[in-house]
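Colleague: I'll drop the sequence and a predicted model, then ask my questions.
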Amino acid sequence: MSDSQRYSARGVSATKDEVHSAIKHLDKGLFPNAFCKILPDIGAGDPDYCTILHADTAGTKASLAYVYWRETGDTSVWKGIAQDAIVMNLDDMGCVGCTDAFLISNTITRNKHCIPGEVLSAIIEGAVEFCDRMRDLGISIDHAGGETADVGDIVRTVDVGFTAFGRMPRQAVLVNDIQEGDVIVGLASYGQATYEHTYNSGIGSNGLTSARHDVLSKHYAALYPESFDPSTPAAYVYSGSRRVDERIEIDGMPVTIGKLLLSPTRTYLPVLTRVFAEIGDHVHGLIHCTGGGQTKVSKFLPEPLMAKKDALPEVPPVFQLIQQESGADWKEMYQVFNMGIRMEIYLPEAHAPGAINIARDFGIDAKVIGRVQPRAGHAVEVHASGAVLRY
């Protein structure tokens, strides 16, 4: 079975074709090529302002957190799930220039038979702690509460989602206008930023269905049948060889497999805030490499252009692990996962050092990973792992 067929058998898609088809006729807002949908100033009606309302979830990463928590009793992993859901909203919004004064609200749906109150408390505490940490960095995020519902007939364990709201001047909106000759500055998703407490594997919140089932042992299928869809063919349920409490060494430090896969999604808001303040006039595009991985930019490139990425970093350990356990080909890996770069800045080469230095001030590795050039029959070309991958 091919990689795409394997993902389909698990009820997920690397390309989300059906989702894109379902929403293709929706209005694209004030600035169609902006990374997020931009709406008029709904409340005050000020023609000089606009608003953004964005929703996202931690996805099936919550199911992995469930297995880890049941195995170890460690409720702290649920705090990371809250961060995952929040960051998936805020960093998308950051790509259009909205980097401060957010209002967020959670929607948590659970199966009460599996998810007790202590887990809900940890999720909510995680959200509050993340907001406090960002506030210390000058980024205001107010938590408006939300909804927590017991829907055991629908949800097998728990689903954690957030909605975020922002308001900003229209003239400050970044609309992607990626140009020939732009270089691509890639910001690492792995390592440890100055505002992170521990090493971050870079996994983010995409591809976790694949990561969970391809890496972890069949052992968990019998122990936690509630952690997966029973209609999934048995051959694709927990088909790996590893345990969540198994340790591997990264940079001389032992890390459990579970914690590696559950690293909270890094936010780039502190970096983007400075980028806009210091070199914002020179930035032609920002791409958050979430769904679609290294092919995400294809949705925002002008038709005649392509992104050639020929200087990506060495594959981080977590993605090496997933590839080794799954046997997935590299083309699929770079389309499903961020592979070590989750934020891209498109700008003239002369201003690339400024973006790189800002990222490095926060302990985040950054480098020029490629450039924009005339299209050669495909939108994205990735040179990695000994291959040239075209999309």
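Modeller: Received, thanks.

Colleague: for the protein, which strand is longest?
Modeller: Counting residues, the longest strand found in the chain (DSSP state E) is strand 158-169.

Colleague: What pairs with that one, parallel or antiparallel?
Modeller: strand 49-57 (antiparallel), strand 102-110 (antiparallel) (DSSP bridges).

Colleague: Go ahead and name everything in contact with the first one.
Modeller: Read that as strand 49-57. For strand 49-57, contacts defined as CB atoms under 8 Å, 6 or more residues apart in numbering pick out 30, 36-43, 85, 88-89, 92-93, 96, 98, 159-170, 173. The way it works is simple: take the backbone N, C-alpha and C, and place the C-beta from them, glycine included.

Colleague: Just the buried residues from the residues you listed, in PyMOL please.
Modeller: Listed next is the PyMOL selection for buried residues among the contacts of strand 49-57, using 16 or more other CB atoms under 10 Å:
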select buried, resi 36+37+38+41+85+88+89+92+93+96+98+159+160+161+162+163+164+165+166+167+168+173
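
Colleague: will you turn the strands paired with strand 158-169 into a markdown table that also has mean neighbour count?
Modeller: Below are those laid out as a markdown table (neighbours: other CB atoms under 10 Å):
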| stretch | mean neighbour count |
| --- | --- |
| strand 49-57 | 19 |
| strand 102-110 | 20 |
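
Colleague: Now render the ones you listed as a markdown table, adding distance to residue 355.
Modeller: As requested, the strands paired with strand 158-169 are exported to a markdown table (distance: least, CB to CB, whole Å):
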| stretch | distance to residue 355 |
| --- | --- |
| strand 49-57 | 23 |
| strand 102-110 | 23 |
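
Colleague: got the buried residues for stretch 268-279?
Modeller: Those would be 268, 269, 270, 271, 272, 273, 274, 275, 276, 279, for stretch 268-279 by 16+ other CB under 10 Å.

Colleague: from these, which single one is nearest residue 314?
Modeller: When these are ranked by distance to residue 314 (CB to CB), residue 268 comes first, at 20.6 Å.

Colleague: check which helix or strand covers the closest residue to that closest one other than its chain neighbours.
Modeller: Excluding its sequence neighbours, the residue lying closest to residue 268 (CB to CB, 6 or more residues apart in numbering) is residue 343, at 4.7 Å. Per DSSP states H and E: residue 343 is located in strand 341-347.

Colleague: That strand: partners in the sheet, and parallel or antiparallel?
Modeller: Strand pairing for strand 341-347, determined by DSSP bridges: strand 183-188 (antiparallel), strand 285-288 (antiparallel).

Colleague: nearest to residue 363, of these?
Modeller: Among those, strand 183-188 sits nearest to residue 363 (CB to CB), with 9.7 Å.

Colleague: how far away is the nearest residue to residue 110 once chain neighbours are set aside from residue 116?
Modeller: With CB to CB, 6+ apart as the criterion, residue 110 has its nearest non-adjacent residue at 4.3 Å, and that residue is residue 158. Plainly put, residue 158 is 10 Å away from residue 116 if you go by CB to CB, to the nearest Å.

Colleague: If you count surrounding residues, which of these two has more?
Modeller: Neighbour totals were compared for residue 158 and residue 116, and residue 158 leads with 23 against 11 (other CB atoms under 10 Å).

Colleague: Surely the more buried one touches residue 109?
Modeller: Yes: applying CB atoms under 8 Å, one finds residue 158 in contact with residue 109, separated by 7.0 Å.

Colleague: Show me the shaky parts of the stretch 251-391 of the chain.
Modeller: Along the stretch 251-391 of the chain, segments meeting pLDDT under 70 are nowhere present.

Colleague: mind listing the strands for it?
Modeller: Applying DSSP state E, counting those that start in this stretch to the stretch 251-391 of the chain gives strands spanning 253-256, 285-288, 305-309, 341-347, 366-374, 380-384, 387-390.

Colleague: quick one: the helices in the protein?
Modeller: Remark: helices assigned in the chain by DSSP state H are 3-9, 17-23, 61-72, 77-94, 117-136, 208-215, 219-223, 257-261, 269-279, 317-326, 330-336, 352-361.

Colleague: want to throw those helices into CSV with distance to residue 374?
Modeller: Formatted as CSV, the helices of the chain follow (distance: least, CB to CB, whole Å):
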stretch, distance to residue 374
helix 3-9, 29
helix 17-23, 26
helix 61-72, 38
helix 77-94, 29
helix 117-136, 40
helix 208-215, 34
helix 219-223, 49
helix 257-261, 39
helix 269-279, 26
helix 317-326, 30
helix 330-336, 22
helix 352-361, 20
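
Colleague: so which of those helices gets nearest residue 388?
Modeller: helix 330-336 (9.9 Å).

Colleague: So for that closest one, what gets flagged as buried?
Modeller: So, applying 16+ other CB under 10 Å, buried residues of helix 330-336: 330, 331, 332, 333, 334, 335, 336.

Colleague: and of those residues, the nearest to residue 312?
Modeller: Nearest to residue 312 out of these is residue 334 (CB to CB; 8.5 Å).

Colleague: So which of the helices of the chain is nearest residue 153?
Modeller: Across these, closest to residue 153 is helix 61-72 (CB to CB), at 17.4 Å.

Colleague: Only the C-alpha atoms, please, for that closest one, written as PDB.
Modeller: Extracted in PDB, the C-alpha atoms of helix 61-72 (Å, rounded to 0.1, in the frame of the first residue of the first chain):
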ATOM      1  CA  LYS A  61      -1.900  14.800  19.200                       C
ATOM      2  CA  ALA A  62      -4.400  14.700  22.000                       C
ATOM      3  CA  SER A  63      -4.800  11.000  21.500                       C
ATOM      4  CA  LEU A  64      -1.000  10.500  21.900                       C
ATOM      5  CA  ALA A  65      -1.100  12.600  25.000                       C
ATOM      6  CA  TYR A  66      -3.800  10.300  26.300                       C
ATOM      7  CA  VAL A  67      -1.700   7.200  25.800                       C
ATOM      8  CA  TYR A  68       1.300   8.800  27.400                       C
ATOM      9  CA  TRP A  69      -0.700  10.100  30.400                       C
ATOM     10  CA  ARG A  70      -2.300   6.600  30.900                       C
ATOM     11  CA  GLU A  71       1.200   5.000  30.800                       C
ATOM     12  CA  THR A  72       3.000   7.400  33.000                       C
END
